[in-house]
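Enquirer: Using only what follows, build the 3D model:
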Amino acid sequence: MPGLGFIGLLLCAPAAHANDIEVIGSRLWHGPDRTRLVLELSGPVEYKVFSLEDPDRVVIDLKQSRLGGTALMPLEGGGPIKKVRSGSPATGVLRLVLDLIQPRNHRAFLLSPSASYPYRLVIDLTETGPSATEFVEASDIREQDYLVVIDPGHGGEDPGAVGANGSYEKKVVLEIARRLKRIINWDSRMRAVLTRTSDYYVSLRRRVAFAMDREADVFISIHADAAKRRSAQGSSVYILSTDGATSELGKWLARRENAADLAGGVDIGEQEPILQKTLLDMGLDWKIKESRELGVHLLEALSKVGPLHSPNVERAGFAVLKSVDIPAVLVEAGFMTNPAEELALAQPLVQERIAGVIFRGLSAYCDLDPRCPEAVRNPDVYVVAPGDSLILIAARLGLAVGDLKRVNRLTTEALEIGQKLKVPAP
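Expert: The predicted model follows:
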């Protein structure tokens, strides 16, 4: 759900008063199930939101409010919104009008300040009938599939960790997740889907529900987080802990990730009790045992392409791992707060390499899981897929381009779809 390009718009606003609440910023996001407008405010505001017809529009009235001098508003809406207008229907009232292409239900709620976020008024627009948009295409899943749910952390309002050079964790992990999904689905042994497919926020509760509703076999949450020390580096793997974190960093990261809904903009009234009854001890023991096995294979694969932050599978109370009764891990691909890793994680070939090693670790776990189908491809042969290039294949397999060319006696880097390449030992 990418944020739209915003331009300054001179709008007719109510006369300023010293005690007026200012709209100091705005953002617009489009997701598979909703369009979200976020208004950043200088303080709590009394508001009213209602719909009008002929033409279809949603009206937002903010009492004792005005547009701040530096406020940016979207001129063109995008998605179901044609444009955004403003005016003053009465003294001391700021009115924003969302002109719609077609009718939409609306829901609004006010969020209190959280971390670097000020007060925010959130307006969600959803379809008026049963949602016609799902997270995944029905053809993406077959009943017999060994289903891997890949969860790119953060998104939309919640950028996750932000590097010194301005790179966002939410963008890095989405790219890694997309690449991992493509590798898994091309291999055909398993089937992968994403909890979010673009730049929009999905609450922790809904990420869990996504995996449970689809009866997934494995859940992998991908992050590239922050640390208090800029020198912290390397990848790590976490599983659920029932009795406290195994490290101070794990405790700090879990606390930080579990607060993501505050940044993502989740209405407290929307929260529900835990989605699943407490698992029986036997079931929980199986889940943790299998999660650890998966984590071990992932760590072993990750260790071959870069440093590990921890050589052991760590445990912490990540909310996104709690309510799924399947093997579930959280992979930290590196640290956005480490300048060198921030630069590396933004590079497509590094993202492809990380996706490739996660796939190899997952495949090694799949080999030992009786629920998983047998491998259908020869690991010593790579079949060229649409969109492949020699440099991309080398990154994915953790090899040098020169080694691939030498073993396959290639004189150029030109490839054909379906071409079989010998894979040299790394």
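
Enquirer: Domain map for this protein?
Expert: Following automatic domain parsing, the chain resolves into domains at 21-126, 138-368, 381-422.

Enquirer: Please tabulate those in CSV, including the columns mean neighbour count and distance to residue 375.
Expert: Where C-beta positions appear, they are placed from N, C-alpha and C, glycine not excepted. Listed next are those as CSV, based on neighbours: other CB atoms under 10 Å; distance: least, CB to CB, whole Å:
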stretch, mean neighbour count, distance to residue 375
domain 21-126, 17, 32
domain 138-368, 20, 6
domain 381-422, 14, 12
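
Enquirer: In CSV, list those domains along with mean pLDDT.
Expert: Output for the domains of the chain, formatted as CSV (pLDDT from 0 to 100):
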stretch, mean pLDDT
domain 21-126, 86
domain 138-368, 82
domain 381-422, 90
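
Enquirer: Save the ones you listed as a markdown table, and put in distance to residue 374 too.
Expert: Shown next, in a markdown table, are these (distance: least, CB to CB, whole Å):
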| stretch | distance to residue 374 |
| --- | --- |
| domain 21-126 | 34 |
| domain 138-368 | 8 |
| domain 381-422 | 16 |
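
Enquirer: To which secondary structure element is the residue of the chain most remote from its centre assigned?
Expert: Distance from the C-alpha centroid of the chain peaks at residue 91, with 42.3 Å (CA atoms, centre = their mean). Following DSSP states H and E, one finds residue 91 outside all helices and strands.

Enquirer: I'd like the next helix or strand past the strand ranked longest in the chain.
Expert: Secondary structure of the chain per DSSP state E: the longest strand is strand 21-30. Beyond strand 21-30 in the direction of the C-terminus, DSSP H and E gives the next helix or strand as strand 35-41.

Enquirer: Can you tell me which helices and strands that following strand packs against?
Expert: Applying 3 or more CB pairs under 8 Å, 6 or more residues apart in numbering; DSSP states H and E, we find strand 35-41 packed against strand 21-30, strand 119-126.

Enquirer: Compare these and give me the one nearest residue 400.
Expert: Closest to residue 400 of the helices and strands packed on strand 35-41 is strand 21-30 (CB to CB; 40.8 Å).

Enquirer: Can you show me the helices along the stretch 201-350 of the chain?
Expert: Assigned by DSSP state H, counting those that start in this stretch, the helices in the stretch 201-350 of the chain fall at 204-213, 248-258, 260-264, 281-302, 339-345, 348-368.

Enquirer: For the ones you listed, give me CSV that also has distance to residue 377.
Expert: CSV is the format used below for those (distance: least, CB to CB, whole Å):
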stretch, distance to residue 377
helix 204-213, 26
helix 248-258, 35
helix 260-264, 37
helix 281-302, 17
helix 339-345, 28
helix 348-368, 10
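
Enquirer: How about the contacts made by residue 149?
Expert: Neighbouring residues of residue 149 by CB atoms under 8 Å, 6 or more residues apart in numbering: 192, 193, 194, 195, 210, 211, 214, 216, 218, 219, 220.

Enquirer: now these as CSV including distance to residue 298?
Expert: Shown next, in CSV, are these (distance: CB to CB, whole Å):
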residue, distance to residue 298
192, 15
193, 19
194, 18
195, 18
210, 21
211, 17
214, 21
216, 17
218, 11
219, 13
220, 8
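
Enquirer: Which of the residues you listed sits closest to residue 39?
Expert: residue 195 (26.5 Å).

Enquirer: surely the closest one meets residue 204?
Expert: No: between residue 195 and residue 204 there is no contact under CB atoms under 8 Å: 10.2 Å.

Enquirer: re earlier: for residue 44, find the nearest of the helices of the stretch 201-350 of the chain.
Expert: Taking CB to CB, helix 260-264 is the member of these nearest to residue 44, at 16.1 Å.

Enquirer: any chance you could map the helices in the stretch 1-150 of the chain?
Expert: So, for the stretch 1-150 of the chain - with DSSP H, counting those that start in this stretch - there are no helices.

Enquirer: rewinding a little: now the longest strand of the chain, how far from the chain's geometric center?
Expert: 22 Å (CA atoms, centre = their mean, to the nearest Å).

Enquirer: partners of it in the sheet?
Expert: Taking DSSP bridges as the criterion, strand 21-30 forms sheet pairs with strand 35-41 (antiparallel), strand 65-67 (parallel).

Enquirer: Looking at those, spot the one closest to residue 395.
Expert: Of all the strands paired with strand 21-30, strand 35-41 sits nearest to residue 395, with 35.0 Å by CB to CB.

Enquirer: What lies in contact with that closest one?
Expert: Under the criterion CB under 8 Å, 6+ apart, residues 1, 21-30, 60, 62, 65, 79-81, 96, 98, 104, 117-125, 156-157, 200-201, 265 lie in contact with strand 35-41.

Enquirer: make it 6 Å
Expert: For strand 35-41, the external contacting residues (CB atoms under 6 Å, 6 or more residues apart in numbering) are 21, 23-29, 79-80, 118-125.

Enquirer: what is the orientation angle of that strand with strand 119-126?
Expert: Relative orientation of strand 35-41 versus strand 119-126 (axes from the mean of the first three to the mean of the last three CA atoms, to 10 degrees): 170 degrees.

Enquirer: Format the CA atom coordinates belonging to strand 35-41 as PDB.
Expert: C-alpha atoms of strand 35-41 as PDB (Å, rounded to 0.1, in the frame of the first residue of the first chain):
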ATOM      1  CA  THR A  35      -7.800   2.600   2.200                       C
ATOM      2  CA  ARG A  36      -6.500   4.600   5.100                       C
ATOM      3  CA  LEU A  37      -6.100   8.300   5.600                       C
ATOM      4  CA  VAL A  38      -4.000   9.400   8.600                       C
ATOM      5  CA  LEU A  39      -4.200  13.000   9.900                       C
ATOM      6  CA  GLU A  40      -1.400  14.000  12.200                       C
ATOM      7  CA  LEU A  41      -2.600  16.500  14.900                       C
END
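
Enquirer: now it, how far from the centre of its chain.
Expert: For strand 35-41, the distance to the chain centre is 19 Å (CA atoms, centre = their mean).

Enquirer: One more: stretch 35-51?
Expert: 25 Å.

Enquirer: Endpoints of it, how far apart?
Expert: End-to-end distance of stretch 35-51 (CA to CA, to the nearest Å): 15 Å.

Enquirer: what's the closest non-adjacent residue to residue 165?
Expert: Counting by CB to CB, 6 or more residues apart in numbering, residue 342 is the residue found nearest to residue 165 once chain neighbours are left out, at 5.8 Å.

Enquirer: same deal with residue 367?
Expert: residue 375 (7.2 Å).

Enquirer: Work out for me the element that neighbour sits within.
Expert: With DSSP H and E as the criterion, residue 375 is inside neither a helix nor a strand.

Enquirer: Residue 309 versus the nearest residue to residue 311 once chain neighbours are set aside, what's the distance?
Expert: Once flanking residues are discounted, residue 311 sits nearest to residue 299: 7.1 Å by CB to CB, 6+ apart. As for residue 299, its distance to residue 309 is 10 Å (criterion: CB to CB, to the nearest Å).
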